[in-house]
Structures are given as structure tokens and as C-alpha cells.
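[1] with the input below, show me the fold.
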Amino acid sequence: MQTARTTLREPDAAAEDLLSQLGSDTPRLVTMFASRERDQLALNRAVRQRLPADTRLIGATTAGELDNTGIHEGSVVMSALFGDFEVGLGLGTGLSVDAISAGAAAIKRACEDLGVRQQDLDPRRFVGLVIDDGFRYKKEELLLGILEKCQTLVLVGGGASDANRDPAKQSAMVHVDGEVATDAVLVALFKTSAPWAALRSHWYVPTGEKLTITKVDESHTRALEIDGHPAAKRYAEILGVGVEELEFGTPRGFAVRPTALRVGREYFIRAAWSPQEDGSILFANLLEEGTELELMKLGDMAGMTRSFFTDEVPRRVQNPQAALLFHCGGRMWYASATNTAQQLAETLKAAPTAAGMNVHFEIYSGFHINTTLTALVFGAN
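    Model (predicted):
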């Protein structure tokens, strides 16, 4: 992997700057993570015109751009991937209307692009990267569509995002070759014999304490009761704070002691998000009555992230060469609120050659999770 970054605003100038940094070799795949306020159509056109015809292009809008020098705002981070792999691309549209069908369409097209049947995807040689319009909140449904005919396929990724914190003004777009779409999901399906792994890292440790979602609303996104008590009041009691302090990203709120779903030995963070005026709690993921979740506690944020890059990545991937990173925007909110954002950004120096973005919720192994860094890492034999 080779990476480039630009802060130039004019699309043609930005494209020239990025591609001049990447050099003259022909990559198999280029990724482009671009700040949302840019003209995405013009940027796509400028980059696509300058790439070789057989180089594939994917990308997304971000809430911050990542490379080995740190976490940036207002820029474009590009990566060029070379090596022993093939990639098929698929785009599914209409997430807000029928997310299951959108996911199914995206994987179907990616498989057709590679010339392979969905039911023949060998999970040892194929891996799927998924980027969706995060503000449609349809990850669980689109994942059902993607995995319907290939349940063992490993997936990793996150939601295209926007640095604007105003929900009324947020929007996201994804790039697939010459197409730029909103309300959509892209699947990049990799086939390779090289070492690879889908990985995830969070900065929490389990406590052994549990809570139970005892009542949810009809949308299955709001917890009305926890442990048989009004949800927000109960969670505030657990944290020893006022309900007004619970909001995710605040120094003493949900981010300090989030909930996690235990799957085998793994803990998938599915944190509460926002207390509501009626005393309920809005979660980012779907909820089911009777679900038992484990309470986590905050660990060493920068230290655990650095160890992920220095210890876990090389342990899981032989000779790591390239990392595509999908970093939860909520991690950035909390790091900023606790004045640790710079320490967090410094950890990227320990990563393999990397490019990525701050996302609106994450995808890992078919789960919709949050407060997590997910990664697709490729190595070398």
C-alpha cells in the first residue's frame, strides 16, 4: 500500500496532488476517504479520469481522515493497493426503502464482478469490505441481505459519515468507480491467497456486571426499561451520575461504561447512545427484550490502541503490509472531550501502512457495533 493526503480544495488540483504522491505504478485498487463538504461528484470525476482504466476505485465521505501521520479534518486520504489479489465491487441503493435488498444487490454485483457464485465464497480466500451510508441506520438489515447466501463470509467496515454534528445537516456518500451515491451500500469483495485478517479493537475491559433490556419501543431502538426500571434512571444509577450526564461522548456518560454483547470470548461493543426526554435510552443498534448485556469499563485508550497495532496485528497477520481502518466517530468525540485525541492519533504511527476514516458506526463479522476500531489488514507470504 502507498498512501497520499491533500488539503487542496479544487477537485482537479486535489486529484493531481494525490496521484502525483502515489507515483506511476498501476494499483489494483484505490481507496479515497474525503471530507464531506467537498464536491464529491467533481472529486470522483477528477480522480477516475486520472486512474488507469483497470484500476478500481472505492471511497466514502468521512468525519475525519486517517493515515500513519494522524487523524485529520478537511482533507482527502487516498491509498493505492498492489499485489496478489482480485477485487469485485458492488453497489446497492435504496437503503432507507429496503436495506435487505440493497445489501443483497451489493454482494450479488460484487460476486458477478469477480465471476464467482455467492454460495461458493470460501471464507479462507474471500473477505468483504462494507461501507454504508451511516445516517440511514440500516446496518443490521443490510447485513442480512449480504450474508443471506454466504453466511460464513467475513465482513468488516463502517458507515460513511460527515464531520457536521447537526443531525439535520448530516449526509453521507459512497464512491464505487465512477458512481457516487447516497442512501447506498458498497461491497468490495477481495479474493487473495495472501495473509489477511478482519480485526477489531476497543479500549474497554469486561467487569462481569450485567444488565437486562426488559422493555423496548416498537422501533426496537429505544430501551424503555432496564432491569425492570425506567431505562435512563437505571443506567444513571449504575454510573453514579445524573441522567443529564449520560449522553455518549460526555466525560462521565455512556462512553465510560458502555454495554457489550458477549459472543464466545469476544465482546462486541453496542453502547447506549442518548437519553431521551421520556426517560428511555436510544441505542444505535436494534434491541430485543430480554437481552442481557455486559457492562464494560474504560481502559487505557491510547495504550490499548497502540498495543493493537504493535502486538495483535502482527500476531494475526503475517508480515502486515496494508491496513484499511474504520474508526468510530464516537471514539473521537470521547477522546476530544477528555483531551486525549492527540495521544490517540499518535498511535497510528505504530500501524502498518494505513488509510481510513472516522465512521458512523462499524461492521465486524456480520455485527453492527460501535465505539470500536475495525480494520482489514493484508500481509505477505
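[2] what secondary structure does the residue lying closest to Leu129 once chain neighbours are set aside sit in?
    Closest residue to Leu129 apart from its sequence neighbours, by CB to CB, 6 or more residues apart in numbering: Ala188 at 4.3 Å. The C-beta positions use only the backbone N, C-alpha and C, and glycine is treated the same way. What DSSP: H, G, I helix; E, B strand; the rest coil gives for Ala188 is strand.
[3] check which helix or strand covers Gly330.
    helix 329-337 (DSSP states H and E).
[4] which helices and strands sit right next to that helix?
    helix 341-346, strand 354-359 (3 or more CB pairs under 8 Å, 6 or more residues apart in numbering; DSSP states H and E).
[5] repeat that for 6 Å
    Under the contact criterion of 3 or more CB pairs under 6 Å, 6 or more residues apart in numbering; DSSP states H and E, helix 329-337 touches no helix or strand at all.
[6] am I right that Leu57 is in a strand?
    Yes. According to three-state DSSP, Leu57 belongs to a strand.
[7] per-residue pLDDT, it?
    Here, the pLDDT recorded for Leu57 equals 98.
[8] same check on Ser24?
    87.
[9] on the three-state scheme, it is what?
    Quick answer, by three-state DSSP: Ser24 is coil.
[10] how much space separates it from Ser79?
    Using CB to CB, to the nearest Å, Ser24 is found at 16 Å from Ser79.
[11] quick one, which of those two is more surrounded?
    Neighbours per residue (other CB atoms under 10 Å) separate Ser24 from Ser79, with Ser79 holding more: 25 against 6.
[12] for that one, what is the enclosing helix or strand?
    If you go by DSSP H and E, Ser79 is part of strand 76-81.
[13] hang on, Thr61 in a helix?
    No. Going by three-state DSSP, the assignment for Thr61 is strand, not a helix.
[14] skipping its backbone neighbours, what lies nearest it in space?
    Arg36 (4.1 Å).
[15] where does the residue nearest to the spatial centre of the chain land in three-state SS?
    In the chain, the residue lying closest to the centroid (CA atoms, centre = their mean) is Gly158, at 2.2 Å. Of the three states, Gly158 takes strand under three-state DSSP.
[16] quick one: the strands in the stretch 251-381 of the chain, in order.
    259-263, 266-269, 272-275, 281-283, 292-298, 322-328, 354-359, 362-364, 367-369, 373-378 (DSSP state E, counting those that start in this stretch).
[17] please disregard the earlier target; I meant the stretch 101-250 of the chain.
    With DSSP E, counting those that start in this stretch applied, the stretch 101-250 of the chain shows strands at 126-133, 154-160, 174-176, 179-181, 184-192, 196-201, 204-216, 222-226, 229-230, listed in chain order.
[18] out of those strands, the one nearest Arg316 is which?
    Closest of the strands of the stretch 101-250 of the chain to Arg316 is strand 196-201, at 4.5 Å (criterion: CB to CB).
[19] quick one: mean pLDDT over the longest helix seen in the chain.
    Determined from DSSP state H, the single longest helix within the chain is helix 99-114. Helix 99-114 comes out with an average pLDDT of 98.
[20] can you pull the contacts of Thr221?
    Phe283 (CB atoms under 6 Å, 6 or more residues apart in numbering).
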